[in-house]
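Participant: coordinates for the following, if possible.
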Amino acid sequence: GGEASGGRSVILPAMLKDAMREVLDRRLTSVLVLLSLAFVVACASFRFEKRSPEEAYAAIVRDLRHPVDPKARIESPADPKLHLSVCRPLLPEEVRSPEQGGGYYLEIEVHDADAFKARLRSIVQSDREPTYDDGKLYLRDRFLRKGVEDPSPSPKTEEGVFMIVVPPPNWDEVSRGYRITALFGAMELDTPLSLAHFLARLQMAIGILIAGAFGVLIAVIVTAGSIPAMLARGAADLLLPKPIGRGRLLLYKYVGGLFFVLLHATVLIGGTWAALAWRSGWWSPGYLGCILVVTAFFAVLHAVSVLVGVVAKSAVGPILATLGTWTFCFFLGVWHELSDGELLGALPDQATRVLKGLYLVLPKAFDVVRVSTWFIMRGRSMDGPLAEDLEMDRLLDFTVVLGSSGAFIAVVLALACWVFSRRDY
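Facilitator: Numbering: from 1, shown residues only. Take a look at the predicted model:
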């Protein structure tokens, strides 16, 4: 008994090491690492140069010459030809509150009064003639949307000129506060986004789209054949007679697949985080949480791949079953998000109850986006327009997300171990 126990204590780590080596020995691993490093270099090529107050506020005013949403026609497309004519620090006698200390005094000229009134009329949605009080509210709202906190506009004595007093801004969160270039300065990006907004969008694209979608898809395809290869004639004859339980053998193969994803997610997300932090000065660690999100999401899908691999003993079956599970769970989450609208009313009550039950017990594939966004946003102190734009006002129920996913993995792996222990190979 002691010899068997000692043998197992030596074999178990060796089996885990072999599972990881099998992943690392793949030629594709080197290719994916190189691709991840290419993204790291691309992020390191960004440059973020803080604009002067005159440049930043002039750029904001130029943006106001165009409708906020031309496709929706929320505002009149007519150009009121706004122009920033004055931008200077507030004089001591002009400071009305402690918050304004260190702020700026701006003057905005309206060169086309008729176009400006048409813009205001499309917003107030009234037949009355717009007043400069409407212009004050319009400019205050638009400056707030640009990340300028508590602007105080007022009309000047001469017609067509507005004065705006703004407190000291947080330039990281002000639209056009930074000049952003890519490819080591070779290409300037004409983006209205603030530095904080730009980094959040870029991190979401990498963490959710590249790592969370394309990366996981590649991992599903690459790891699908690991279980069928272990069960192939010849390989099974060598592995199964060893003094190790079949369940443990299967779990070690499962962990080897997770290690494959964890490695690449760490290189891609950790590397791009370091590159962007180095170039921008933002060392917020929230983005690194996407490493855990991607690995956990793959853990759910890989459990399905292991189960189907044990049953089908081919790589095609695990791929199709995993992608089918991913697609079904994702659209089930989409349905749940829209369930308060007309879609719910279009389904019979019994179908609605079934879908709600499935959503409760199945993994929350759709919430991967929201959880990743939560991590990215938690790593910084942003709120207001950016948080609203990224829909972060909705709280995530991590108990439901983690509980359903963890229970799903446990049940699927237990079923896979049970099937594996009772089949002859």
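Participant: please make it C-alpha for all contacts and neighbour counts, starting now.
Facilitator: OK.
Participant: in the stretch 1-150 of the chain, which spans are strands?
Facilitator: 47-50, 82-89, 104-110 (DSSP state E, counting those that start in this stretch).
Participant: possible to save those strands as JSON lines with mean neighbour count, mean pLDDT and distance to residue 251?
Facilitator: Output for the strands of the stretch 1-150 of the chain, formatted as JSON lines (neighbours: other CA atoms under 10 Å; pLDDT from 0 to 100; distance: least, CA to CA, whole Å):
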{"stretch": "strand 47-50", "mean neighbour count": "17", "mean pLDDT": "92", "distance to residue 251": "45"}
{"stretch": "strand 82-89", "mean neighbour count": "17", "mean pLDDT": "87", "distance to residue 251": "65"}
{"stretch": "strand 104-110", "mean neighbour count": "21", "mean pLDDT": "86", "distance to residue 251": "63"}
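Participant: how about CSV for those, with distance to residue 330 added?
Facilitator: As requested, those are exported to CSV (distance: least, CA to CA, whole Å):
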stretch, distance to residue 330
strand 47-50, 36
strand 82-89, 46
strand 104-110, 48
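Participant: out of those, which gets nearest to residue 97?
Facilitator: strand 104-110 (13.0 Å; CA to CA).
Participant: re the thing from before, looking at the strands of the stretch 1-150 of the chain, which is closest to residue 221?
Facilitator: Taking CA to CA, strand 47-50 is the member of the strands of the stretch 1-150 of the chain nearest to residue 221, at 36.2 Å.
Participant: now find how far off-centre that closest one is within its chain.
Facilitator: Counting by CA atoms, centre = their mean, to the nearest Å, strand 47-50 is centred 23 Å from the centre of its parent chain.
Participant: show me what it is packed up against.
Facilitator: Here strand 47-50 touches strand 178-182, helix 271-280, going by 3 or more CA pairs under 8 Å, 6 or more residues apart in numbering; DSSP states H and E.
Participant: reformat the ones you listed as CSV; add mean neighbour count and mean pLDDT.
Facilitator: Shown next, in CSV, are the helices and strands packed on strand 47-50 (neighbours: other CA atoms under 10 Å; pLDDT from 0 to 100):
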stretch, mean neighbour count, mean pLDDT
strand 178-182, 20, 91
helix 271-280, 20, 93
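Participant: among those, which is nearest residue 226?
Facilitator: helix 271-280 (27.8 Å).
Participant: could you export that closest one as PDB, CA atoms only?
Facilitator: C-alpha atoms of helix 271-280 as PDB (Å, rounded to 0.1, in the frame of the first residue of the first chain):
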ATOM      1  CA  GLY A 271       2.100  42.600 -21.900                       C
ATOM      2  CA  THR A 272      -0.300  45.100 -23.400                       C
ATOM      3  CA  TRP A 273      -1.200  46.400 -19.900                       C
ATOM      4  CA  ALA A 274       2.500  47.000 -19.200                       C
ATOM      5  CA  ALA A 275       3.000  48.700 -22.600                       C
ATOM      6  CA  LEU A 276       0.000  51.000 -22.300                       C
ATOM      7  CA  ALA A 277       0.800  51.900 -18.700                       C
ATOM      8  CA  TRP A 278       4.400  52.700 -19.600                       C
ATOM      9  CA  ARG A 279       3.300  55.000 -22.500                       C
ATOM     10  CA  SER A 280       0.400  56.700 -20.700                       C
END
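Participant: now do the same end-to-end measure for stretch 106-117.
Facilitator: 21 Å (CA to CA, to the nearest Å).
Participant: what's in contact with it?
Facilitator: 61, 78-88, 129-130, 160-166 (CA atoms under 8 Å, 6 or more residues apart in numbering).
Participant: how far out from the middle of the chain is it?
Facilitator: That offset, for stretch 106-117, works out to 39 Å (CA atoms, centre = their mean).
Participant: equivalent analysis for stretch 88-102, please.
Facilitator: Stretch 88-102 has its C-alpha centroid displaced from the chain centroid by 39 Å (CA atoms, centre = their mean).
Participant: figure out the length between the terminal residues of that stretch.
Facilitator: Note: stretch 88-102 ends 10 Å apart using CA to CA.
Participant: hmm, who's touching it?
Facilitator: Outside stretch 88-102, the residues touching it (CA under 8 Å, 6+ apart) are 54, 103, 104, 105, 106, 165, 166, 167, 168.
Participant: if we use 7 Å, what do you get?
Facilitator: With CA atoms under 7 Å, 6 or more residues apart in numbering as the test, stretch 88-102 has contacts from 103, 104, 105, 106, 166, 167, 168.
Participant: residue 359 is nearest to which of the strands of the stretch 1-150 of the chain?
Facilitator: Evaluated over the strands of the stretch 1-150 of the chain, closeness to residue 359 peaks at strand 47-50, with 43.0 Å, by CA to CA.
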